[in-house]
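K.L.:
Coordinates only, no sequence provided:
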């Protein structure tokens with residue numbers, strides 16, 4: 001992992017703000033923990049073209065605090081391809097036919113780019129337009145229903 005300063009989008013559903021910030025990414029990732037307000041970080045790979053990874057509180061959705069706030073992040077599977085990409089990268093007329101991926105996040109997250117081959121955090125490759133069309137802040141009274149899905153190895157083949 002590369003350790004320096006990288007541009008990342010900080011998304012905070014409590015204040016409903018989206019902010020592009022240059023963040024120091026140290027070898028302990030302490031700066032990320034401080035911004036997010038957590039002790040355990042979780043790395044969540046999102047779309048792969050361009051590569052985007054979310055960093056969030058690993059325990060955030062397990063805490064059923066009334067102070068939690070949520071939002072969804074959406075991205076699409078490109079037509080006739082295994083690539084996933086931001087909604088902005090798909091022509092408008094093709095979007096309705098593309099499979100949608102969605103994930104619910106709890107509280108503050110940081111989006112970074114990533115060099116998949118090297119495993120390095122990089123500047124986020126998304127514009128405000130990409131982010132704006134891809135997220136939806138949920139109502140303050142939203143009730144999260146975390147779930148687990150178990151898939152047997154036989155189903156994978």
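P.N.:
Alright, I've got the coordinates. The structure displayed is predicted, hence computed values, not measured ones.

K.L.:
The residue nearest to the spatial centre of the chain sits in which helix or strand?
P.N.:
Relative to the mean C-alpha position of the chain, the nearest C-alpha, by CA atoms, centre = their mean, is the one of residue 54, at 3.6 Å. Assigned by DSSP states H and E, residue 54 belongs to strand 51-57.

K.L.:
strand partners of that strand, parallel vs antiparallel please.
P.N.:
Here strand 51-57 is paired, per DSSP bridges, with strand 41-48 (antiparallel), strand 109-115 (antiparallel).

K.L.:
Relative to residue 65, which of those strands is closest?
P.N.:
strand 109-115 (16.5 Å; CB to CB). In this view, the C-beta of every residue, glycine as well, is placed from N, C-alpha and C.

K.L.:
which residues are contacting the strand holding residue 54?
P.N.:
Identification of contacts with strand 51-57 by CB atoms under 8 Å, 6 or more residues apart in numbering yields 29, 32, 36-38, 40-46, 73, 86, 103, 105-116, 121, 124-126.

K.L.:
tell me the contacts of the nearest residue in space to the residue nearest to the centre of the chain that is not next to it in sequence?
P.N.:
The shortest distance from residue 54 to any residue that is not its chain neighbour, by CB to CB, 6 or more residues apart in numbering, is 4.3 Å, and that residue is residue 44. The contact partners of residue 44, by CB under 8 Å, 6+ apart, come to 53-56, 103.

K.L.:
Residue 34 too?
P.N.:
Contacts for residue 34 were tallied using CB under 8 Å, 6+ apart; there are none.

K.L.:
Look up how far residue 65 lies from it.
P.N.:
When CB to CB, to the nearest Å is the yardstick, residue 34 and residue 65 sit 19 Å from each other.

K.L.:
Same check on residue 35?
P.N.:
In this structure, residue 35 lies at 19 Å from residue 65, with CB to CB as the measure.

K.L.:
got the contact list for residue 137?
P.N.:
If you count contacts by CB under 8 Å, 6+ apart, residue 137 has them with 13, 16, 69-71.
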